[in-house]
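J.: Need the 3D shape of this:
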Amino acid sequence: MLSLLYVILAGIALPVGGVQMQYLWRNQLGDVYSLGLGSAACLGAAAATMSGWCSLTVGSFVCTLICTLVCFFVTLKISTRNLITFGILFGTFIGSLGTIVVTNAPNGDLLKQYYLWGAANFNLEGVTTFDVLFSLVLFAIGLAVAIFAAKSLTRHNDGEIELSNMHKALLLLAIMFLVTSAVSICGPIGFISLGVPNLSRIVCKDTDIRKHYLISSAIGVGLLLITFLVVKYVNFGIYLPISATMAIIALPLMAIVFLKSDRS
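T.: Here you go, the predicted model:
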């Protein structure tokens, strides 16, 4: 039951966060992992797992928060175009630190624990009641801000207004809360925060971000649920990570949709 809860939560949090990033940057390549949030989550989880100084979830959150605060202050100083470049470089730097931590794991059991978390298969091993409550609070705050800021984000995307750097930075912080609510528990889940929002924007041409919240959430939950069932019950006797399996299932569908969209 708890696994199913996080399938639904991740299916909402990651696409909604992705839509917000695309509207914030006015760029369909916007993604919640573009600023290094996914790499930071992995670094925090790795540090927590290898050292035992805190739970995996808390370690993931703390490191992601630090990463977001760095981007928060950078957002106040540079343009959106330069922020994207900075985010890619910063994410590479954080990922390198994570690689160093993981490759120096004290023993194989800890290494296995980390990689099972990173496979994002909703096994929720080692997740405590505190972790669950903490992530639900983060999800509620992030989703509430997304709904509250919907009108201004739509107007910003349409070019009617230009959000201040402070406004963008605060929205970035809220997006981090939303995304971390899923990633800190389940591990990083690729594709869904970039592919699903773009699919939504093909299906619905309306620029009202609230409609894309709903469409992206429906597609995200449906796609993750199908993938979860395949991984759990139709796995052909091998271990199938959620992210890899979802990409295999979803990419042909997205290719068909994109081709039809270009021809219309």
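J.: Tell me the spacing between the closest residue to residue 159 other than its chain neighbours and residue 163.
T.: Distances taken as CB to CB, 6 or more residues apart in numbering place residue 26 nearest to residue 159, at 7.8 Å, with adjacent residues excluded. Every C-beta, even on glycine, is put in place using the N, C-alpha and C of the backbone. Note on residue 26: its distance to residue 163, by CB to CB, to the nearest Å, is 10 Å.
J.: Which of the two has more residues huddled nearby?
T.: Comparing residue 26 with residue 163 by other CB atoms under 10 Å, the one with more neighbours is residue 163, at 19 against 12.
J.: what about the residue nearest to the more buried one when sequence neighbours are not counted, helix or strand, and which?
T.: Excluding the flanking residues, the one nearest residue 163 by CB to CB, 6+ apart is residue 156, at 4.8 Å. Using DSSP states H and E, residue 156 maps to helix 150-157.
J.: From the contact counts, what lies against the very next helix or strand once past that helix?
T.: Counting by DSSP H and E, the next helix or strand C-terminal to helix 150-157 is helix 165-186. In terms of contacts (3 or more CB pairs under 8 Å, 6 or more residues apart in numbering; DSSP states H and E), helix 165-186 is packed against helix 2-25, helix 37-51, helix 56-75, helix 129-148.
J.: 6 Å instead?
T.: helix 2-25, helix 56-75, helix 129-148 (3 or more CB pairs under 6 Å, 6 or more residues apart in numbering; DSSP states H and E).
J.: Return the most buried member of those.
T.: Burial of the helices and strands packed on helix 165-186 is given as mean neighbour count (mean count of other CB atoms under 10 Å); helix 2-25 ranks first at a mean of 24.
J.: just to revisit the earlier point, residues making contact with the helix holding residue 156?
T.: Contact with helix 150-157 is made by 23, 26, 161, 163, 208, 209, 210, as judged by CB atoms under 6 Å, 6 or more residues apart in numbering.
J.: ok, back up a step: okay, the residue nearest to residue 163: pLDDT?
T.: pLDDT, residue 156: 95.
J.: From residue 183, how far out is it?
T.: Taking CB to CB, one finds residue 156 at 25 Å from residue 183.
J.: Which of the helices or strands spans the residue lying closest to residue 227 once chain neighbours are set aside?
T.: In this structure, residue 227 finds its nearest non-sequential neighbour in residue 246, 4.2 Å apart by CB to CB, 6+ apart. For residue 246, the element it lies in under DSSP H and E is helix 242-263.
J.: show me the contacts for residue 124.
T.: By CB under 6 Å, 6+ apart, the residues touching residue 124 are residue 2.
J.: hmm, I was thinking of residue 72
T.: Listed by CB under 6 Å, 6+ apart, the contact partners of residue 72 are 169, 173.
J.: one more time with 7 Å, if that's ok
T.: By CB atoms under 7 Å, 6 or more residues apart in numbering, the contact set of residue 72 is 169, 172, 173.
J.: Just among these, which is most surrounded?
T.: residue 172 leads the contacts of residue 72 on contacts (other CB under 10 Å) with 22 neighbours.
J.: Would you check how far apart that residue and residue 62 are?
T.: 17 Å.
J.: what about the nearest residue to residue 3 once chain neighbours are set aside, neighbour count?
T.: Distances taken as CB to CB, 6+ apart place residue 122 nearest to residue 3, at 4.2 Å, with adjacent residues excluded. Residue 122: 22 surrounding residues under other CB under 10 Å.
J.: the more surrounded of residue 156 and residue 183?
T.: Neighbours were tallied for residue 156 and for residue 183 using other CB under 10 Å; the higher tally belongs to residue 183 (32 against 21).
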